[in-house]
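>>> Mind looking at a prediction? Sequence and model below.
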Amino acid sequence: MAANTTHPGRDRVVTVLVALTAVGFVLYALVRILGLERGFPLVPLLAYAPLVLFAAPVALLGALLLRRWWSAAAIALAGVLLATAIVPRALESEPVALQGPPLRLLTLNAHFGHVDPDIVVDLVREHEVELLALQEVTPEMVAGLDTAGLEELLPYAVDHSAPAAAGGSVHSVYPLDDLGDVGHDIGSLAMPRAGLRVPDAAGPVEVVSVHPMPPRRPSTMAVWRDGLRGLPEATDGTVRILAGDFNTTLDHAEMRDVLESGYIDAAAHLGRGLTGTWPVGGPLPRAAIDHVLVDERVAVVELEILDVPGTTHRALMTRLTLPGGRV
């Protein structure tokens with residue numbers, strides 16, 4: 001008599017597990033596509049949308065091998081939805097040709113001011129930086145930067161430094177005007193806003209050193225959202241640059257709203273939008289939360305993503321051309 005090799009109970013368990021996996025992928029994709037993430041923990045979980053996309057083909061293959069066709073179809077649908085949103089930032093966009101003044105910008109989260117000021121000054125000198133946006137810069141670090149010679153390279157500064165992670169600053173080779181602080185206005189981390197007087201630029205230029213509160217716990221969600229919503233829109237004659245630690249990826253609806261006001265992400269524009277910037281050396285996978293957003297009238301020429309000792313963030317070195325007249 002032939003042995004019965006079927007296991008109905010085991011098959012049901014496998015079917016349920018595969019179906020739950022498929023439901024998870026579909027729900028995640030819908031949250032991302034429809035911008036439904038609200039509160040903790042959905043907002044931090046959405047930072048890893050590219051990893052979920054990369055996991056989808058593995059889950060699809062497993063469902064196909066197990067002959068769970070409906071679950072396989074659902075996982076495939078979720079993968080397509082995520083790919084539609086995520087893959088374009090890995091593709092280089094058509095370059096914008098401008099005749100205007102160049103601008104070399106470096107942004108860095110100094111991690112509670114722990115980055116050696118000499119390293120920062122060396123980066124400014126090596127990359128011929130003209131505009132520097134710092135986050136988590138302390139008064140002690142500002143003093144160290146002056147001692148290390150930053151003032152000789154970038155003599156103008158808007159200094160909103162503060163203890164621990166609360167401070168920010170902007171340093172420039174061009175004269176700066178202090179235009180206030182987006183973060184201070186909402187009782188959050190410093191996000192100094194500066195007017196930049198660039199010779200031969202087609203109009204006024206503004207820069208914000210961006211650093212909204214990280215969405216790490218339920219109590220910070222509202223101020224994280226308000227920090228992003230407080231950023232100036234790129235909707236008038238002023239050319240604006242937002243640079244820093246956004247604590248946000250391009251998959252968050254709040255970040256997409258910022259972009260839709262008239263900005264482009266420099267890394268995504270050059271096909272490097274999936275390169276993680278934080279955490280360096282930590283147990284978590286890297287997420288792209290540090291950004292340079294520029295007015296759509298600005299040409300993004302080059303981007304370097306740099307590891308810097310003393311911080312869990314990577315620095316972004318961007319070469320831009322400001323509008324002075326299209327060719």
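Noted; the coordinates are in hand. Every value quoted in this text rests on a predicted model; they were computed, and no experiment measured them.

>>> From what I see, Ser71 and Phe25 are in contact.
No. Using C-beta atoms under 8 Å, Ser71 makes no contact with Phe25, being 9.3 Å away. (C-beta placed from N, C-alpha, C; glycine too.)

>>> Identify the residue nearest the geometric centre of the protein.
Ile289 (3.1 Å; C-alpha atoms, centre = their mean).

>>> where does that one land on pLDDT?
The model reports Ile289 with a pLDDT of 98.

>>> what does the one 5 residues further on give?
Val294 carries a pLDDT score of 97 in this model.

>>> Could you check how many residues crowd around it?
Val294 has 28 neighbours, counted by other C-beta atoms under 10 Å.

>>> just checking, Met317 is part of a strand?
Yes. Counting by DSSP: H, G, I helix; E, B strand; the rest coil, Met317 falls inside a strand.

>>> now it, which residues is it bridged with?
For Met317, the beta-bridge assignment (DSSP bridges) gives partners Leu106, Glu304.

>>> count of residues packed around it?
By other C-beta under 10 Å, the residues close to Met317 number 21.

>>> Touching, it and Leu103? I think so.
No. Shown here, Met317 and Leu103 do not form a contact pair, counting by C-beta under 8 Å, at 11.8 Å.

>>> ok, Gly281 - contacts?
Taking C-beta atoms under 8 Å, 6 or more residues apart in numbering, we find Gly281 in contact with Thr312.

>>> which phi and psi does Tyr174 have?
Here is the backbone geometry of Tyr174 (degrees, to the nearest 10): phi -100, psi 150.

>>> can you check Asp307 too?
Taking degrees, to the nearest 10 as the convention, Asp307 sits at phi -80, psi 130.

>>> I'd like the distance between it and Pro279.
Going from Asp307 to Pro279 by C-beta to C-beta, to the nearest Å gives 12 Å.

>>> all strands of the stretch 51-200 of the chain, in order?
Per DSSP state E, counting those that start in this stretch, the stretch 51-200 of the chain carries strands over the ranges 102-109, 131-135, 156-160, 168-172, 176-181, 192-196.

>>> still on that earlier bit, just to check, the residue nearest to the centre of the chain is in contact with Trp278?
Yes. The criterion here is C-beta under 8 Å, and Ile289 meets it with Trp278 at 5.2 Å.
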